[in-house]
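Asks: got a predicted model here, sequence first, then my questions.
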Amino acid sequence: MLGNQRGMVLLLVLVVVALLSALLSEFVFSTMIDLRLTETFRDSTRSEYLARGGITAGRMILQIDTNQYDATNDPLEYWAMGVQEYPLADGVVSINLEDLDGRLQLNKLVDNQGNANSVYRDRFARLCAELAFENPDELTAALIDWLDPDSEMLPGGAEDAFYLSQSNAYEATDGPLQSFDELGLVKGFDAATLEQLRPFVSVYGEGMLNVNTAKAELLRSWDEEAPAMVAALIERRNDGPYKTLTEVRDTLGVTNFTALNRNLDLGVKSSYYLINSSGRVNRGTRRMQAIVKKNGDQLLWQKVN
């Protein structure tokens with residue numbers, strides 16, 4: 001009997017020890033998870049401050065750019081060089097700047113009176129054709145319907161009746177796009193279309209096109225006569241940036257230059273830029289984007305990823 005009691009006591013002791021071990025293991029595991037989460041939060045917070053600092057640095061880089069042209073193939077253009085994995089404190093920061101005046105301003109498809117701008121309408125349709133989209137006219141119509149204030153649907157376009165019939169019903173804004181991502185709400189602009197269109201368009205800018213930074217597809221879309229001129233324009237640009245419009249005219253000849261610049265909206269200098277900044281500390285990473293107007297160092301839009 002005494003031996004049985006001692007065996008039971010030993011069994012209870014073993015059970016208690018096992019339970020305590022399990023509880024201790026769970027406590028240690030939970031503590032390690034909490035510690036890792038705390039470290040990740042700490043590093044992510046520090047990374048965000050690095051990314052914010054990158055935006056500030058990008059704006060400073062733009063302010064020291066005082067020449068009368070903007071291009072990506074000139075060693076004097078510090079904004080075009082960017083910063084890659086620059087060590088700072090316990091992390092690294094990367095900065096990249098993109099010229100938005102080398103792109104088509106989408107909000108210009110509708111003028112200040114709410115009417116379709118035929119010049120920009122045709123430019124956008126030609127750009128869509130250059131990019132081999134299947135339905136350039138329908139994409140153009142849908143975008144104009146999204147931007148204009150009326151409820152009259154253009155052929156191939158879409159107004160509230162279409163958007164309210166979707167599973168995630170919403171209304172058209174009937175006003176300017178506030179960000180490029182908003183374009184994804186417009187009929188026909190799926191993810192693949194957006195990704196292909198992204199390098200060629202912007203929702204900020206005065207509508208002037210910087211011939212130093214505009215891509216060939218957009219230059220060919222700028223005017224119906226442009227395709228015949230673009231090869232010569234780019235060949236000369238590859239040798240160095242255009243510093244004045246006179247150099248562009250000399251390259252194309254007066255007649256061709258006058259045709260390409262018939263709306264007086266070509267330039268060699270830019271004002272609107274997209275700043276991409278990322279900060280990384282250990283496993284924590286934060287990315288930020290900002291759109292700034294260089295003249296006056298105006299912050300127009302900012303996003304934390």
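Replies: Done, it's in.

Asks: doesn't residue 288 belong to a helix?
Replies: No - read with DSSP: H, G, I helix; E, B strand; the rest coil, residue 288 is strand and lies in no helix.

Asks: what is the neighbour count of the closest residue to it other than its chain neighbours?
Replies: Counting by Cβ to Cβ, 6 or more residues apart in numbering, residue 51 is the residue found nearest to residue 288 once chain neighbours are left out, at 4.3 Å. No exception for glycine: its C-beta is placed from N, CA and C like everyone else's. By other Cβ atoms under 10 Å, 25 other residues sit near residue 51.

Asks: what residues are up against residue 51?
Replies: 93, 277-279, 286-288, 304 (Cβ atoms under 8 Å, 6 or more residues apart in numbering).

Asks: who wins for neighbours among the residues you listed?
Replies: In those, the most neighbours by other Cβ under 10 Å go to residue 279, 27 neighbours.

Asks: let's verify residue 273: helix, strand, or coil?
Replies: Strictly by three-state DSSP, residue 273 counts as strand.

Asks: residues in contact with it?
Replies: By Cβ under 8 Å, 6+ apart, the neighbours of residue 273 are 58, 62, 79, 97-100, 291-292, 294.

Asks: redo those residues as TSV? Include neighbour count.
Replies: Putting these into TSV (neighbours: other Cβ atoms under 10 Å) gives the following:
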residue	neighbour count
58	24
62	21
79	23
97	24
98	21
99	25
100	22
291	22
292	25
294	20
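
Asks: keep only those of those residues that are in helices.
Replies: Under the assignment DSSP state H, these contribute 58, 62, 79 to helices.

Asks: burial check on the closest residue to the first one other than its chain neighbours, number of neighbours?
Replies: Which is residue 58. Leaving aside its chain neighbours, residue 58 sits nearest to residue 275 (3.8 Å; criterion: Cβ to Cβ, 6+ apart). When neighbours are counted by other Cβ under 10 Å, residue 275 registers 25.

Asks: surely residue 275 touches residue 294?
Replies: No - contact status for residue 275 versus residue 294: not in contact, 10.7 Å apart, counting by Cβ atoms under 8 Å.

Asks: which one of the ones in helices among the contacts of residue 273 is nearest to residue 129?
Replies: residue 79 (31.7 Å; Cβ to Cβ).

Asks: report the contact partners of residue 67.
Replies: Residue 67 touches 76, 243, counting by Cβ under 8 Å, 6+ apart.

Asks: quick one, helices of the chain?
Replies: Here the chain has its helices, by DSSP H, at 2-63, 78-81, 118-130, 136-147, 160-164, 191-197, 216-221, 227-238, 245-252, 254-260.

Asks: who's in contact with the residue lying closest to residue 142 once chain neighbours are set aside?
Replies: In space, and not counting its chain neighbours, residue 142 is closest to residue 187: 4.2 Å by Cβ to Cβ, 6+ apart. By Cβ under 8 Å, 6+ apart, residue 187 lies in contact with 138, 142, 146, 157-158, 162-163.

Asks: in PyMOL, how would I select the buried members of those?
Replies: To isolate the buried members of the contacts of residue 187 in PyMOL, using 16 or more other Cβ atoms under 10 Å:
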select buried, resi 138+142+146+157+158+163
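
Asks: can I assume residue 173 is in contact with residue 146?
Replies: Yes - proximity of residue 173 to residue 146 meets the contact threshold set by Cβ under 8 Å, at 6.6 Å.

Asks: how near is the residue nearest to residue 58 to residue 202?
Replies: 13 Å (Cβ to Cβ, to the nearest Å).

Asks: over to residue 149?
Replies: In terms of Cβ to Cβ, residue 149 sits 22 Å off from residue 202.

Asks: what about these two, which has more around it?
Replies: The neighbour comparison of residue 149 against residue 202 (other Cβ under 10 Å) goes to residue 202, with 22 against 12.

Asks: that one and residue 90: what is the separation?
Replies: As for residue 202, its distance to residue 90 is 35 Å (criterion: Cβ to Cβ).

Asks: out of the helices of the chain, indicate the one that is most buried.
Replies: helix 136-147 (a mean of 22; mean count of other Cβ atoms under 10 Å).

Asks: relative to residue 237, how far out is residue 229?
Replies: As judged by Cβ to Cβ, residue 229 and residue 237 stand 12 Å apart.

Asks: circling back: wait, what's in contact with the residue nearest to residue 58?
Replies: Taking Cβ under 8 Å, 6+ apart as the contact definition, residue 275 lies against 54-55, 58-59, 95-97, 289-292.

Asks: isn't residue 177 up against residue 147?
Replies: Yes - with contact defined as Cβ under 8 Å, residue 177 and residue 147 form a contacting pair (7.2 Å).

Asks: shared neighbours, these two?
Replies: In contact with both residue 177 and residue 147: 106-107, using Cβ under 8 Å, 6+ apart.

Asks: hmm, who's touching stretch 170-183?
Replies: Residues contacting stretch 170-183 (Cβ under 8 Å, 6+ apart): 106-107, 110, 143, 145-151, 158-160, 163-164, 185, 189, 194, 197-198, 201-203, 301, 303.
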